[in-house]
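Novice: Could you look at this predicted model? Sequence included:
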Amino acid sequence: MIEINPIIIPQKTTKLPIEIYPTVPTQFIINNYPKLLPTWKQVPKSVLIVLLYAKLSIENINQDTQAEKERLKQEFLQLGNDLKYILQKENYFIEIIDPQDGKPINSHNATMNFDLIAIVNQILGFNYYHTQQGCKVLNHPTQKTGIYPSILLSDTDPIKIDDSLKKSILLTSYISTRKVNNHEKVINCE
């Protein structure tokens, strides 16, 4: 586990936070990228972990949690497409991973799925547990089970992803907060 300071932005629909962690891929992703991303010709150089805060705990299976998961998925897909647009203009490739099934959205015919909970656990060290229904649930340090994990992958390094994310934030009028030397720095992007 390495310490990574997140970029924090508000969700467009609720203004609840989104934590974004640009980092390097796990060894599992590096070793298995042909099965995870069959259309990629090279190993991904970065993983962007995106954690969206939910309005409620999402560990139970009911109509309210399913509606919240769908809302969070749409929020993530909008953010992912914003970033994808920026990276494509810079001639980088990005893959959005569907948070519900762990499959890449654009790289079809994957024979393996991404385990988003395991990736967050391995990179950020956040714990998880199994529900009675057999599902894995992330246990965020402050949000507990009110968190929705998702990821994107890119062929560029995490520093360039970080810069591209800031450009995406500027384009979409988010407000970003970033911890710098244990102080929060607010970047007003309106």
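Specialist: Sure, I can see it. Remember, predicted model here, so these are calculated numbers, not experimental data.
Novice: same for the helix or strand Ser150 falls within, what does it pack against?
Specialist: When secondary structure is defined by DSSP states H and E, Ser150 falls within strand 147-154. Helices and strands touching strand 147-154, by 3 or more C-beta pairs under 8 Å, 6 or more residues apart in numbering; DSSP states H and E, are strand 46-53, helix 63-89, strand 94-96, helix 116-124. Where C-beta positions appear, they are placed from N, C-alpha and C, glycine not excepted.
Novice: Geometrically speaking, which residue is the centre of the protein?
Specialist: Among the residues of the chain, the one closest to the centroid is Val50, at 2.4 Å (C-alpha atoms, centre = their mean).
Novice: Quick check, pLDDT for that residue.
Specialist: Note for Val50: predicted pLDDT of 96.
Novice: what sits against it?
Specialist: Val50 makes contact with Ile18, Glu19, Ile20, Tyr21, Phe76, Leu79, Gly80, Pro149, Ser150, Ile151, Leu152, according to C-beta atoms under 8 Å, 6 or more residues apart in numbering.
Novice: Which residues does it form beta bridges with?
Specialist: Ile20, Ser150 (DSSP bridges).
Novice: Please save the CA atoms from the host helix or strand of Asn32 in PDB.
Specialist: Using DSSP H and E, Asn32 maps to helix 27-36. C-alpha atoms of helix 27-36 as PDB (Å, rounded to 0.1, in the frame of the first residue of the first chain):
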ATOM      1  CA  GLN A  27       1.100  -6.400 -10.900                       C
ATOM      2  CA  PHE A  28      -2.100  -8.500 -11.600                       C
ATOM      3  CA  ILE A  29      -3.200  -5.900 -14.200                       C
ATOM      4  CA  ILE A  30       0.300  -5.800 -15.800                       C
ATOM      5  CA  ASN A  31       0.500  -9.600 -16.000                       C
ATOM      6  CA  ASN A  32      -3.000 -10.100 -17.300                       C
ATOM      7  CA  TYR A  33      -3.700  -7.100 -19.500                       C
ATOM      8  CA  PRO A  34      -4.100  -9.200 -22.700                       C
ATOM      9  CA  LYS A  35      -7.100 -11.000 -21.000                       C
ATOM     10  CA  LEU A  36      -8.500  -7.900 -19.300                       C
END
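Novice: What are the contacting residues of that helix?
Specialist: 25, 40, 43-44, 47, 104, 110-114, 118-119, 122, 153.
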